[in-house]
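1. I'll drop the sequence and a predicted model, then ask my questions.
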Amino acid sequence: MSAELRVDGERLWQRLQTLGEVGGLPGGGVCRLALTEEDRLGRDKVMSWMHELGLEVHQDAIGNVFGLRAGREAGAPVMTGSHIDTVRTGGVYDGNLGVLAGLEVVETLNRAGLQTRRPLCVAFFTNEEGARFAPDMMGSLVYVGGMTLEQALTTRGIDGESVADCLDRIGAAGQHPVGQPDVHAFVELHVEQGPVLERQGITIGAVEQVQGISWAEYRFTGRSNHAGTTPMDMRQDAGFAAMDTASYVRRRVSEAGGHQVGTVGRMSLTPDLVNVVPQTACMTVDLRNTDDRVLTQVEADVERHARELAKQEGLRVERHTLARFAPVDFDPGVVELVENTARRLGHSVRRMPSGAGHDAQMLARVCPTAMIFVPSVGGISHNIEEYTAMEDITAGANVLLQVLLELAQTP
């Protein structure tokens with residue numbers, strides 16, 4: 001019976017669209033930055049669905065939410081889930097699919113009257129995106145003990161607000177102990193956020209690893225001066241140093257090749273006037289690679305370039321690490337289970353790495369973990385045009401259903 005069980009793709013699709021209306025943007029897309037009022041509304045919506053499905057709902061001190069479905073036997077649950085916070089111009093599917101597909105698995109089992117041997121747990125983690133508070137994957141990182149609760153609570157966001165104050169304001173600081181429940185295994189369904197599956201005409205990605213991530217902030221400080229009267233050889237131009245460093249990032253990652261990528265996603269100048277040489281320039285550098293040795297070398301080269309340039313231009317430069325995660329390999333057995341399940345259900349499948357960070361890479365520290373990818377149209381994500389077809393969403397959710405059933409039958 002359970003081998004033939006399938007989700008209701010239309011029901012899952014409707015939940016995705018309904019959640020997408022919370023913090024919805026004109027023209028499509030979503031803005032639910034972590035721990036904002038929009039995030040509160042999204043949390044309330046998802047938790048109301050959890051309660052409707054009969055789940056036992058807990059919220060921990062960092063705001064992670066867990067919906068537990070009892071098994072025939074006690075023990076650590078098999079967990080699935082992701083996040084519901086978004087970037088400022090996010091899509092409907094990023095993160096949300098993994099959470100709502102977990103709820104669809106629960107509803108499918110409820111309607112079939114099936115109880116798994118082990119408990120099942122559907123979770124969503126706080127501040128996965130890191131768009132408001134660094135580092136990203138904060139909630140899952142605290143959950144597995146990679147960051148202390150106190151350190152997370154005192155973190156201030158891009159708007160100066162602390163995590164602790166925002167948790168209190170939206171009522172998301174729960175009483176459940178951080179790090180509970182223990183987990184038997186974790187599987188996360190997610191849109192690929194890249195072009196590989198669509199380009200190759202493949203439905204399911206069995207994700208083997210997540211590449212390493214390095215986020216750093218550079219601040220150059222010089223002297224503001226008149227743009228018309230200050231000779232070029234007498235300037236202490238912080239803006240020039242930031243822009244030259246940004247250009248160097250592009251050249252260096254292109255030279256490294258392979259899976260190396262790099263992005264300067266944020267830059268601000270002060271006093272930010274058309275006729276004044278910038279006194280300060282602040283920029284972020286996002287570097288990623290599946291090879292930690294190469295990633296470390298590129299990090300060092302970017303920092304060396306910034307410091308040499310600052311010395312040459314008479315500037316002061318400071319570097320601050322925002323986040324640093326080494327590449328993560330997922331459990332071979334769970335990856336194989338994803339691959340074999342997809343083939344058994346008649347889907348094309350390929351093994352692949354993830355270029356984006358995910359909560360699954362944190363859970364891999366404490367339990368067997370893997371991910372399931374479905375195609376992103378045009379490889380577009382973190383964009384209001386993000387889209388994944390309903391048939392691909394349904395296929396991914398059915399793979400998730402069968403993988404969770406298999407894992408939940410283990411003693």
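-> Received, thanks.
2. so which residues of the stretch 201-350 of the chain form strands?
-> Using DSSP state E, counting those that start in this stretch, the strands assigned to the stretch 201-350 of the chain run over residues 204-210, 212-221, 225-226, 261-263, 267-270, 276-277, 280-289, 316-325, 328-329, 349-354.
3. can you list the buried residues in the fourth one?
-> Same thing as strand 261-263. residue 262 (16 or more other CB atoms under 10 Å). For the C-beta atoms, the positions are set from N, CA and C on the backbone; glycine is no exception.
4. what about it, average pLDDT?
-> Averaging the model's pLDDT scores along strand 261-263 yields 97.
5. what's next to that strand, contact-wise?
-> Strand 261-263 is contacted from outside by 249, 250, 252, 253, 285, 286, 287, 288, 289, 298, 302, 355, using CB atoms under 8 Å, 6 or more residues apart in numbering.
6. got the strands of the stretch 201-350 of the chain as a markdown table, with distance to residue 241 columns?
-> Below are those laid out as a markdown table (distance: least, CB to CB, whole Å):
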| stretch | distance to residue 241 |
| --- | --- |
| strand 204-210 | 32 |
| strand 212-221 | 4 |
| strand 225-226 | 15 |
| strand 261-263 | 17 |
| strand 267-270 | 11 |
| strand 276-277 | 11 |
| strand 280-289 | 6 |
| strand 316-325 | 7 |
| strand 328-329 | 34 |
| strand 349-354 | 33 |
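7. ok, which of these comes nearest residue 80?
-> Each of these has some distance to residue 80 by CB to CB; the shortest is strand 204-210, at 13.9 Å.
8. I'd like to know which elements that closest one is packed against.
-> With contacts taken as 3 or more CB pairs under 8 Å, 6 or more residues apart in numbering; DSSP states H and E, strand 204-210 sits against helix 196-200, strand 328-329, helix 332-344, strand 349-354, helix 359-363, strand 369-374, helix 390-407.
9. quick check: mean pLDDT of stretch 293-310?
-> Computed over stretch 293-310, the average pLDDT equals 98.
10. now it: buried residues?
-> Along stretch 293-310, the positions that meet the burial threshold by neighbour count (16+ other CB under 10 Å) are 294, 295, 296, 298, 299, 301, 302, 303, 305, 306, 309, 310.
11. stretch 105-123 now?
-> Within stretch 105-123, the residues that qualify as buried are 105, 106, 107, 108, 109, 116, 118, 119, 120, 121, 122, 123, counting by 16+ other CB under 10 Å.
12. any idea how far it is from the chain center?
-> Relative to its parent chain, stretch 105-123 has a centroid offset of 25 Å by CA atoms, centre = their mean, to the nearest Å.
13. which residues touch stretch 283-301?
-> 209, 211-218, 242, 245-246, 249, 252-253, 256, 258-268, 302, 322, 326-327, 353, 355.
14. off-centre distance for that stretch?
-> 18 Å.
15. with stretch 314-325 instead?
-> 23 Å.
16. identify each buried residue in it, please.
-> Of the residues in stretch 314-325, 315, 317, 322, 323, 325 count as buried by neighbour count, 16+ other CB under 10 Å.
17. so who does the closest residue to the last one other than its chain neighbours touch?
-> When the adjacent residues along the chain are set aside, residue 325 lies closest to residue 213, with 4.8 Å between them (CB to CB, 6 or more residues apart in numbering). For residue 213, the contacting residues are 136, 286, 287, 288, 323, 324, 325, 357, by CB under 8 Å, 6+ apart.
18. give the bridge partners for residue 213, please.
-> Bridge pairing for residue 213 (DSSP bridges) gives the partners residue 288, residue 325.
19. among the contacts of residue 213, which two are most distant?
-> Maximum pairwise distance in those, criterion CB to CB, is 13.8 Å, between 136 and 287.
20. could you list the low-pLDDT ranges of the stretch 1-150 of the chain?
-> Filtered on pLDDT under 70, the stretch 1-150 of the chain yields the residue ranges 1.
21. so where do the strands sit in it?
-> Ranges of strands in the stretch 1-150 of the chain, per DSSP E, counting those that start in this stretch, are 56-59, 65-69, 78-82, 120-124.
22. ok, which of the ones you listed comes nearest residue 397?
-> strand 78-82 (10.3 Å).
23. related to what we said a few turns ago, closest to residue 71 out of the helices and strands packed on strand 204-210?
-> Taking CB to CB, helix 390-407 is the member of the helices and strands packed on strand 204-210 nearest to residue 71, at 11.4 Å.
24. what angle do the closest one and strand 120-124 make?
-> Relative orientation of helix 390-407 and strand 120-124, computed by axes from the mean of the first three to the mean of the last three CA atoms, to 10 degrees: 130 degrees.
25. which residues are in contact with helix 390-407?
-> The contact list for helix 390-407 (CB under 8 Å, 6+ apart) reads 2-3, 5-7, 9-10, 12-13, 16, 78, 80, 93, 97, 101-102, 104-105, 108, 116, 118, 120, 184-185, 187, 189, 203-204, 334, 337-338, 341-342, 344-345, 347, 372-375.
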